[in-house]
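Visitor: sequence? don't have it. structure:
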């Protein structure tokens, strides 16, 4: 039996080490062991303190109450009834006396350990340099000190209450405390009286501290239905003084308990408790209600004005909105010839490639093999191509083990052969091939194009396997599949250079093999010959997960995007520091503010985790190397007090901004989720006058995404290169729009906001204009259509609707891309790409048409240039990028295809004679059916040709498609 116990203990220890020690190995390899030990050390210390405080206090209270029991219990009916309970519990008394404190101590220890971050922030706190408007206290008190004080007070209160409960129960059970009994006899022994009075005094002191701290916490009040956040007139004039009075009253009652312990009379503390209950109702409840009803409500706007202004100022500062450039913008709604000539730099960069739609095109044209994949939502970045900055849609060709055939799915292949993806694919954002496919300027395997030389292997990505084992004996060719080739072997192999590059913990020793075999539940790790002394094991490979582990104090942006930086593919992650302790700032739910149509449909772009905050900063830019998994954290907001505290907690873990290279700086951008939170706040806090804010008649809301018809969900912001009216030149920006608030409000545009998202390209220094938010406020009588109305205008145009219906009738699916809004021509221009995708067979979307609107004028053509000309009286004056000749890389559908004219949309459509006779109607119907059948066949033939990289056949199929659409349009017109 002892042998079995020892063996069982050893197995348990090894099982624990398989989870714990492998974490140590992971952090050590990455160079962030300090983060792990600091976190574990703090948690362990708090766990011990919490356990000792709760368990010790309960045990001491229980033990003292038992030891202080009367030698002879009073002889009365009450005690006689308790005898049976004493007899029943006596055999279990020692067990209960040990187990109860341990159980309660463990619960308390877990709660205390969870406060490790609160303790570390307090320990490394610093002054913020800004004071609250009510008490004039530095904000550092609210950020770092107040949360810890509130926890300590709550913890002490819980400990004393539980200690009091066990004390009362024990004293009563053993006769030290009585409820009934003869009149005139004491209800408690002296020991019980002193014991319970002491506990009562401590409880009242904790309650007094709680009341006192409430005076500060009320500045962060965010009540449902309240017009503003923070302490109101009633709070400042009635509630805060009431809290102070109640705190003093609680201290007086605590003193009464002390007196009772000495003098032997509980009447005074009993009266005190009754008085404080009455005072809490009258002073803490009734009096503030009277002030609100009779002093505030009759003059609420004037009474609350100063506090509303506090809320406005604090909210704008807390969310980084205090330096917004607001411009009155009387947008034009009439289109004139040449109106866009002054906006050539914006129109030339209009992005037609929708990153949420074209992933299937990337997969079909650049996937190469089934075990590679691209995310369902691609990323938008900017690169210098041919010495010109171009908006680019990019994606990494990642490994996807689900694409392996059943015969290939085995442990050796999935763990040691298929270990990494290969290369980054890039396509022009504003340009497509003449047949609507993405115009790639970097792609293929091996990678070719304008990107230059870089390390293409992707061992760390968003869809990487759970774990892979890489490396082998030095001098060997290796067995990892590098990329497929046309050679006899069909593949080029590689060996990860574990002798010179560290990407994961070593798994060469028998001990490490055992631990990882247990961790991942794979005994093959122990017995495979491919696990050598040079092997490394790669796991926790998702970029966001790696950053979250080394920086547990950050809230991470829901989008991770790749970039080629200094010859390596880097995943870029934005990190936020947050708090809910900023006085007078409005609280915002991060998950609600960052949810939009994209996060609801994408597998790789998500909303922020549920958390309510009233302060947020993009304080850290993080990168994860796709080749070796190394994580670098860079300080981005040098003034953020919370980041300063964490930097002091983990010294050396966060690099200064000065270490950001120029190449990396050129790919850093303003984060989407921060902008989403800011635009949500701006829907109300663009109103900066207290009186107007109180009325609420100029509040806005975010428009719903018009491309989503199944549910009402916010339109996402979009990255675009654009020039705001107050800018001298176009910059890479992130934009969004606003419409009036209310379900019955008109669908018109009330505001347009864009933030300068370009960090520049100077090493260690971000652009001076980076993060500059510019807001265009439209007049209240504006008639500029909102996104929903602009989309409805497209549908309501008979010619546009007819051609869209014809495309859908031809056994194909029409997908309308992101509806972009641009401030050009003195007004606001809407641009929406239209993709056509076959409903069966080889299906992927190709850009076939572009929708444009300005005011109530609409255009629909094969190119953006033609659609703009339709809207602006035949000559928009704009330069567009979709007609540029740009260098591309194969496979490109138009590399060898002969360009064929396409129908140009509404401007050139010529109405056909209407069919009047029965024979003419029948003939028109037959022609329409034949044309739709031809169009369907042409779409399927074209998709199949692209799948086979037969570009000549694709061009011929597109010619037939254009002809079929033209014939279908004419037949439809003849039918009236």
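Guide: On my side now, so go ahead. Keep in mind that this is a model prediction, so the values were computed, not measured.

Visitor: Tell me the backbone dihedrals of residue 91, please.
Guide: Backbone torsions of residue 91, given as degrees, to the nearest 10, read phi -60, psi -20.

Visitor: Let's see the pLDDT reported for it.
Guide: pLDDT for residue 91: 73.

Visitor: Same check on residue 490?
Guide: For residue 490, the model assigns a pLDDT of 71.

Visitor: Show the contacting residues for the closest residue to it other than its chain neighbours.
Guide: Spatial nearest neighbour of residue 490, excluding adjacent residues (Cβ to Cβ, 6 or more residues apart in numbering): residue 484 at 6.3 Å. Heads up, the C-betas are built off the backbone N, CA and C, glycines and all. Neighbour list for residue 484: 368-369, 445, 490-492 [criterion: Cβ atoms under 8 Å, 6 or more residues apart in numbering].

Visitor: which one of those residues has the most neighbours?
Guide: The residue in the contacts of residue 484 with the most neighbours, by other Cβ atoms under 10 Å, is residue 445 (20 neighbours).

Visitor: contacting residues for that residue?
Guide: Contacts of residue 445 (Cβ under 8 Å, 6+ apart): 368, 397, 422-423, 483-484.

Visitor: Kindly report the same for residue 205.
Guide: Taking Cβ under 8 Å, 6+ apart, one finds 250-251, 254 in contact with residue 205.

Visitor: Which of those residues fall in helices?
Guide: 250-251, 254 (DSSP state H).

Visitor: Residue 64: which of these is nearest?
Guide: Closest to residue 64 out of the ones in helices among the contacts of residue 205 is residue 254 (20.1 Å), distances taken as Cβ to Cβ.

Visitor: Distance of that closest one relative to residue 861?
Guide: Distance of residue 254 to residue 861, given as Cβ to Cβ, to the nearest Å: 81 Å.

Visitor: Equivalent analysis for residue 141, please.
Guide: For residue 141 relative to residue 861 (Cβ to Cβ), the value is 62 Å.

Visitor: Can you name the residues that contact the residue nearest the centre of the chain?
Guide: Residue closest to the average C-alpha location in the chain (Cα atoms, centre = their mean): residue 608, at 2.6 Å. Going by Cβ under 8 Å, 6+ apart, residue 608 touches 555, 557-558, 590-591, 593-594, 673.

Visitor: can you map out the strands along the stretch 501-650 of the chain?
Guide: Remark: strands assigned in the stretch 501-650 of the chain by DSSP state E, counting those that start in this stretch are 536-539, 555-556, 561-565, 568-579, 588-589, 612-613, 615-625, 631-635.

Visitor: Tabulate the ones you listed in CSV, adding columns for mean neighbour count and mean pLDDT.
Guide: Formatted as CSV, these follow (neighbours: other Cβ atoms under 10 Å; pLDDT from 0 to 100):
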stretch, mean neighbour count, mean pLDDT
strand 536-539, 23, 96
strand 555-556, 21, 97
strand 561-565, 24, 96
strand 568-579, 24, 97
strand 588-589, 20, 95
strand 612-613, 18, 96
strand 615-625, 24, 97
strand 631-635, 20, 97
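
Visitor: Residue 688: which of those strands is closest?
Guide: Using Cβ to Cβ, these put strand 588-589 closest to residue 688, at 17.7 Å.

Visitor: Each with direction, which strands does the closest one pair with?
Guide: Counting by DSSP bridges, the strands paired with strand 588-589 are strand 612-613 (antiparallel).

Visitor: Can you name the residues in contact with the partner strand?
Guide: Taking Cβ under 8 Å, 6+ apart as the rule, strand 612-613 contacts 578-580, 587-590.

Visitor: Now for those residues: which two are most distant?
Guide: Largest pairwise distance in the contacts of strand 612-613, by Cβ to Cβ, is 14.6 Å, between 579 and 589.

Visitor: Helices of the stretch 601-750 of the chain, residue ranges please.
Guide: Under the criterion DSSP state H, counting those that start in this stretch, helices of the stretch 601-750 of the chain are mapped to 641-649, 662-665, 672-685, 690-695.

Visitor: looking at these, which is buried most?
Guide: Comparing these by mean neighbour count (mean count of other Cβ atoms under 10 Å), helix 672-685 comes out on top with a mean of 23.

Visitor: mean confidence score for that one?
Guide: Averaging pLDDT along helix 672-685 gives 97.

Visitor: so what secondary structure elements neighbour it?
Guide: helix 300-318, strand 568-579, strand 588-589, helix 590-593, strand 615-625, strand 700-701, strand 731-740, strand 751-756 (3 or more Cβ pairs under 8 Å, 6 or more residues apart in numbering; DSSP states H and E).

Visitor: make it 6 Å
Guide: In terms of contacts (3 or more Cβ pairs under 6 Å, 6 or more residues apart in numbering; DSSP states H and E), helix 672-685 is packed against helix 590-593.

Visitor: need the contact list for the closest residue in space to residue 669 that isn't next to it in sequence.
Guide: Excluding its sequence neighbours, the residue lying closest to residue 669 (Cβ to Cβ, 6+ apart) is residue 757, at 4.6 Å. By Cβ atoms under 6 Å, 6 or more residues apart in numbering, the contact set of residue 757 is 669-670, 732-734.

Visitor: repeat for residue 279
Guide: residue 249.

Visitor: so what's the backbone phi/psi at it?
Guide: phi -60, psi -40.

Visitor: what about the residue lying closest to residue 753 once chain neighbours are set aside, which helix or strand?
Guide: The spatial neighbour of residue 753 that comes closest, neighbours along the chain excluded (Cβ to Cβ, 6+ apart), is residue 775 at 4.8 Å. Using DSSP states H and E, residue 775 sits within strand 773-777.

Visitor: just to revisit the earlier point, export the contacts of residue 757 to a markdown table and tack on neighbour count and distance to residue 869?
Guide: Formatted as a markdown table, the contacts of residue 757 follow (neighbours: other Cβ atoms under 10 Å; distance: Cβ to Cβ, whole Å):
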| residue | neighbour count | distance to residue 869 |
| --- | --- | --- |
| 669 | 25 | 32 |
| 670 | 24 | 33 |
| 732 | 20 | 27 |
| 733 | 26 | 26 |
| 734 | 24 | 29 |
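
Visitor: Tell me the one of the residues you listed nearest residue 706?
Guide: Distances from residue 706 to these, taken by Cβ to Cβ, are shortest for residue 734, at 19.4 Å.

Visitor: how much space is there between the closest residue to that closest one other than its chain neighbours and residue 353?
Guide: Leaving out its chain neighbours, the residue that sits closest to residue 734 by Cβ to Cβ, 6+ apart is residue 757, at 4.7 Å. Using Cβ to Cβ, we find residue 757 at a distance of 18 Å from residue 353.

Visitor: same question, residue 830
Guide: Distance from residue 830 to residue 353, by Cβ to Cβ: 17 Å.

Visitor: coming back round to it: mind checking which of the contacts of residue 608 are buried?
Guide: Using 16 or more other Cβ atoms under 10 Å as the burial test, the contacts of residue 608 include 555, 557-558, 590, 593-594, 673 as buried.

Visitor: Please find the angle between the direction vectors of the lengthiest helix in the chain and helix 641-649.
Guide: In the chain, assigned by DSSP H, the helix with the most residues is helix 33-67. Angle of helix 33-67 versus helix 641-649, following axes from the mean of the first three to the mean of the last three Cα atoms, to 10 degrees, is 90 degrees.

Visitor: could we number from 30 for the rest of this?
Guide: In the new count, where the first residue is 30, that last one comes out as helix 62-96.

Visitor: picking up where we left off before, would you mind giving the helices of the stretch 630-779 of the chain as a markdown table with distance to residue 336 added?
Guide: Below are these laid out as a markdown table (distance: least, Cβ to Cβ, whole Å):
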| stretch | distance to residue 336 |
| --- | --- |
| helix 670-678 | 25 |
| helix 691-694 | 42 |
| helix 701-714 | 15 |
| helix 719-724 | 8 |
